[in-house]
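Asker: Okay, predicted coordinates and the sequence, questions at the end:
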Amino acid sequence: MVFSQREKIIVAATLAVLCVLVLDLYVLTPLLDEWSAAEAKRTDLSARMARAGSLIKRRRILGRTWRSMIDNGLKADPAEAESQILRSLRNWAYDARLNLSSLRPERSTEKTELPEITVHAAGTGSMSAVSRLLWRVETAKIPIKIRMLQLGSRKDGTDDLSLHLKISTLYSPPDAASANEPAKRRGALRGSR
């Protein structure tokens, strides 16, 4: 069978189109799909890496804050922690010229790793005195947190305010494992003699 020039061109064009379709179906389309999947994965990994970087940076900052809290005020004894928060509140109120009428501490009965001591405080003073006290509480080096704040006017039209605060602090009780550690060491030393 002999093909004419026109038939040869049609057959060549048909084969070329079929080759292009086969290349598209088995090479180009999968390659483009892989490329877009790789691009999506790269975007996801970049976002995850940015989140991890910010988490590492945040950990460093919070680690310094935590070490500062431990060095400056996280007490092991609840009585010391209670005394520290009461003394600090009295000093801050005195510095702010706020009259404290009551301070009532409460110890948490929950068994947690970092138990809380809550202090209910009530006082009176001007807006500037209240703001100075709140500033001192917020910038304190000891572990302290404002749980509730209620501010009201004692007399209309005057700068005489009443303040009710609920503030908590943490303490780190010695756990049983670290308390038994010296006894274990003494026993091990006796056994090795």
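Answerer: The structure has been received and is ready for your questions. Since we're looking at a predicted model, the values are computed, not measured.

Asker: give me the number of residues near Ser153?
Answerer: By other CB atoms under 10 Å, 12 other residues sit near Ser153. Yep, even glycine has a C-beta here, placed from its N, CA and C like the rest.

Asker: Distance of the residue nearest to Glu106 when sequence neighbours are not counted relative to Arg107?
Answerer: Nearest in space to Glu106, with sequence neighbours left out and distances taken as CB to CB, 6 or more residues apart in numbering, is Thr118 at 4.7 Å. The gap separating Thr118 from Arg107 is 8 Å, by CB to CB, to the nearest Å.

Asker: Could you check which of those two has the larger neighbour count?
Answerer: Higher neighbour count among Thr118 and Arg107: Thr118, with 18 against 14, using other CB under 10 Å.

Asker: My read is that the more buried one contacts Leu165, right?
Answerer: No - between Thr118 and Leu165 there is no contact under CB atoms under 8 Å: 10.3 Å.

Asker: Centre of the chain to stretch 92-108, how far?
Answerer: 28 Å (CA atoms, centre = their mean, to the nearest Å).

Asker: ugh, wrong one, I meant stretch 150-169
Answerer: With CA atoms, centre = their mean, you get 30 Å for stretch 150-169.
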